[in-house]
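S.K.: what shape does this take:
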Amino acid sequence: MVDQQLVSFNLANEDYGIDIASVDGIIKLQEITTVPNTPDFVEGVTNLRGSVLPVIDLRKRFGLQVVDASRDTRIVVVNMGHSKVGMIVDGVSEVLTIPESAIEPTPPMVTTVDSAYITGIAKVEERLIILVDLTKILNTEEQKGLLAEPALA
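M.R.: Okay, here's the model as predicted:
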């Protein structure tokens, strides 16, 4: 059995986790420039160490109620394919090492088209952490469109 290292973050009072290997960094929310004609969940682009970084709002992507940013709001910079994407989350909690035995597949009752990005549920003490598959957060067309956007900015 292989342990998984995850970065845990919060969205709408729920805990989510993504594989630490795909996380490039975590930054405070900074100025985002809106790009016209992008999907609703795309906030725009921001300057990350001299590079243009597309930024998506995970609350919008997951169909959750949108709230104002707080001092805990962060942008998690992840590697998606050959590009980096920023994901706005309510807050980043911790890095966890989870044994494979603590991870269960997503129950069929909660599996819908909208939950295709969920790979399983991890049980950590009294908490449940929803495991997210970054490759499924954006479909192929969205990835092509979003990752091509910076050339326009």
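
S.K.: which stretches in this structure count as strands?
M.R.: 4-11, 14-19, 23-28, 42-48, 51-57, 74-80, 83-89, 91-98, 103-104, 118-124, 127-132 (DSSP state E).

S.K.: Thr34: which of those is closest?
M.R.: Nearest of those to Thr34, taken as CB to CB: strand 42-48 at 4.3 Å. Any C-beta I mention is one placed from the backbone N, CA and C, and that applies to glycine too.

S.K.: what comes up buried for the closest one?
M.R.: Applying a neighbour-count criterion of 16 or more other CB atoms under 10 Å, the buried positions in strand 42-48 are Val42, Glu43, Gly44, Val45, Thr46, Leu48.

S.K.: likewise stretch 56-64?
M.R.: Using 16+ other CB under 10 Å as the burial criterion, the residues of stretch 56-64 that qualify are Ile56, Asp57, Leu58, Arg59, Lys60, Arg61, Phe62.

S.K.: which one of these is nearest to Ser70?
M.R.: Among these, and counting by CB to CB, the member closest to Ser70 is Arg59, at 12.3 Å.

S.K.: check contacts around the residue sitting nearest the centre point of the chain.
M.R.: Centroid check for the chain by CA atoms, centre = their mean gives Met87 as the closest residue, at 4.9 Å. Contacts for Met87 (CB atoms under 8 Å, 6 or more residues apart in numbering) come out as Val55, Ile56, Asp57, Leu58, Ile75, Val76, Val77, Val78, Ile137.

S.K.: per-residue pLDDT of the closest residue in space to the last one that isn't next to it in sequence, please?
M.R.: Spatially, and ignoring its direct neighbours in sequence, Ile137 is nearest to Tyr117 (5.0 Å; CB to CB, 6 or more residues apart in numbering). In the prediction, the pLDDT value recorded for Tyr117 is 82.

S.K.: from here on, call the first residue 192.
M.R.: Renumbered: residue one is now 192, and that last one reads Tyr308.

S.K.: need the contact list for Tyr308.
M.R.: Taking CB under 8 Å, 6+ apart as the test, what Tyr308 contacts is Phe253, Val323, Asp324, Leu325, Lys327, Ile328.

S.K.: distance of the second one from Pro230?
M.R.: Read that as Val323. Val323 is 18 Å from Pro230, where distance means CB to CB, to the nearest Å.

S.K.: could you do Gln196 as well?
M.R.: In terms of CB to CB, Gln196 sits 30 Å off from Pro230.

S.K.: great, nothing more from me.
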